[in-house]
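> how would this look folded up:
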Amino acid sequence: MEILKEILNRRSIRKFQDKQVEDDVIKKILHAAMQAPSANNEQPWEFIVVKNKDTLLKMTEIHPYAKMLKEAAIAIIVCGDLKKEISKGRWVQDCSAATENLLLEVVHQGLGAVWVGVHPNKEREEPLKRLFNLPDNIIPLCIIPIGYPAEEKEYENRFKEERIHFEKW
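Below you'll find the model as predicted:
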């Protein structure tokens, strides 16, 4: 396994080819997401897979920074289920870990994606909840537009030795 390769090559992709993502690939992406660690192993995540172009377009009207959904093959909305919370307030961390796993598997599958934040912005959460008929206990954390990349982004070295502290500040 060369997980470092996926980590270093993961970039925010906002332009996509007009090409569908196969169902078996979507399942692999979701499998990776659900392997994430979570507090008390509560696994509070739920996922909405959106393929319908009309729905993707409606989502661009809800979120001002999600215009790339017009070109995306699919979107996955990562949600937290408050009823599954054992460790109160940890659902955001747990679902964020699932999202990162998802993004790394996207790269591994030769796809591109970008993390579009929703929570804690109520002006984005509430319209999404209405659009997808989400119950009160389900909170959308983020939208991940996914597709075959129509852009390439170069590696950016973000390693900063000065941000590493041993034993004390």
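
> quick one: average pLDDT of the helix or strand harbouring residue 126?
When elements are assigned from DSSP states H and E, residue 126 belongs to helix 122-131. Across helix 122-131, pLDDT averages out at 98.

> for it, buried residues please.
For helix 122-131, the neighbour count (16 or more other Cβ atoms under 10 Å) marks 124, 125, 127, 128, 129, 131 as buried. (Each C-beta comes from the backbone N, C-alpha and C, glycine too.)

> quick one: the strands in the protein, in order.
45-50, 74-81, 112-113, 116-117, 138-147 (DSSP state E).

> quick check: angle from the top helix by length along the chain to strand 138-147?
The longest helix of the chain (DSSP state H) is helix 91-108. Orientation of helix 91-108 against strand 138-147 (axes from the mean of the first three to the mean of the last three Cα atoms, to 10 degrees) gives an angle of 10 degrees.

> so where's this protein uncertain?
1 (pLDDT under 70).

> hang on, residue 68 packs against residue 114?
Yes: using Cβ atoms under 8 Å, residue 68 is in contact with residue 114, at 6.4 Å.

> common neighbours of these two, please.
With contacts defined as Cβ atoms under 8 Å, 6 or more residues apart in numbering, the residues shared by residue 68 and residue 114 are 14, 145.

> for stretch 12-30, what is the distance to the chain centroid?
12 Å (Cα atoms, centre = their mean, to the nearest Å).

> what sits up against it?
Against stretch 12-30 from outside (Cβ under 8 Å, 6+ apart): 47, 49, 68, 71-74, 76, 102, 105-106, 109, 111-115, 145-151, 153.

> can you pull the contacts of residue 139?
Residue 139 touches 79, 80, 82, 91, 119, 125, counting by Cβ under 8 Å, 6+ apart.
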